[in-house]
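Enquirer: sequence first, then the predicted structure, then my questions.
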Amino acid sequence: MRHFVHPVAAKDYWDKTPFRRYLVNKVFRAVLIDRKGDKPAKESVLEPLELVLEKGHSLILFPEGTRGDGDELGDFKSGIYHLAKKYPNVEVVPVYLENLNRVLPKGTKLVVPVICSATVGKPLMPLAEDESKSDFLQRAKAALEEMMP
């Protein structure tokens, strides 16, 4: 992992109020992405992430694109595939966050004081030249599912 690490967060949520903007920019040093971008401009959604990777920094991505219910993983968005394809020398390391759904349940605004744990997996094998998007996303999802209790 690199020295500087930035979580990736939804611009439509974190850019709403001055307090949220302060947290996301000054405390978390997050990279904001526009989840509501037009389909033809898909590359522009990843541009802020690419700039961070090109600086040699790491990203914390939530490949489902949103918080889940904690029972099972949702479908992974394609951004992680496109980044893995464009940056083959950047390791993709799966991290399972247990109880995150209870710390900040979907639809709530207050953090609940519950113990959360992180399990760090082995880096995924680099994207194979002929590996399809769906195969890579399934492989990444399977790596996280193996860590679930």
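Expert: Done, it's in. Numbering: from 1, shown residues only.
Enquirer: what comes up buried for the worst-scoring helix or strand of the chain on mean pLDDT?
Expert: Taking mean pLDDT, DSSP states H and E as the measure, the helices and strands of the chain show their lowest mean at helix 100-103, namely a mean of 77. Neighbour-count burial for helix 100-103 flags Leu100, Asn101, Val103 (criterion: 16 or more other CB atoms under 10 Å). Quick note: C-beta positions are derived from backbone N, CA and C, even for glycine.
Enquirer: pull the longest strand from the protein.
Expert: Looking only at the chain and at elements set by DSSP state E, the strand with the highest residue count is strand 5-10.
Enquirer: buried stuff in the helix or strand just after it?
Expert: Following strand 5-10 in sequence order, the next helix or strand is helix 11-14 (DSSP states H and E). Within helix 11-14, the residues that qualify as buried are Lys11, Trp14, counting by 16+ other CB under 10 Å.
Enquirer: can I get the CA coordinates of helix 11-14 in PDB?
Expert: In PDB, the C-alpha atoms belonging to helix 11-14 read as follows (Å, rounded to 0.1, in the frame of the first residue of the first chain):
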ATOM      1  CA  LYS A  11     -20.100  13.800  -4.700                       C
ATOM      2  CA  ASP A  12     -23.900  13.900  -4.600                       C
ATOM      3  CA  TYR A  13     -23.800  13.100  -0.800                       C
ATOM      4  CA  TRP A  14     -20.600  14.700   0.400                       C
END
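Enquirer: next up, the contacts around the most centrally placed residue in the chain.
Expert: The C-alpha lying nearest the average C-alpha coordinate of the chain belongs to Leu61 (CA atoms, centre = their mean; 1.4 Å). Listed by CB atoms under 8 Å, 6 or more residues apart in numbering, the contact set of Leu61 reads Val8, Leu49, Gly79, Ile80, Leu83.
Enquirer: hang on, the earlier thing: and which of the buried residues of helix 100-103 is nearest to Thr119?
Expert: Leu100 (11.7 Å; CB to CB).
Enquirer: surely that closest one and Thr66 touch.
Expert: No: counting by CB atoms under 8 Å, Leu100 does not reach Thr66; the two are 11.9 Å apart.
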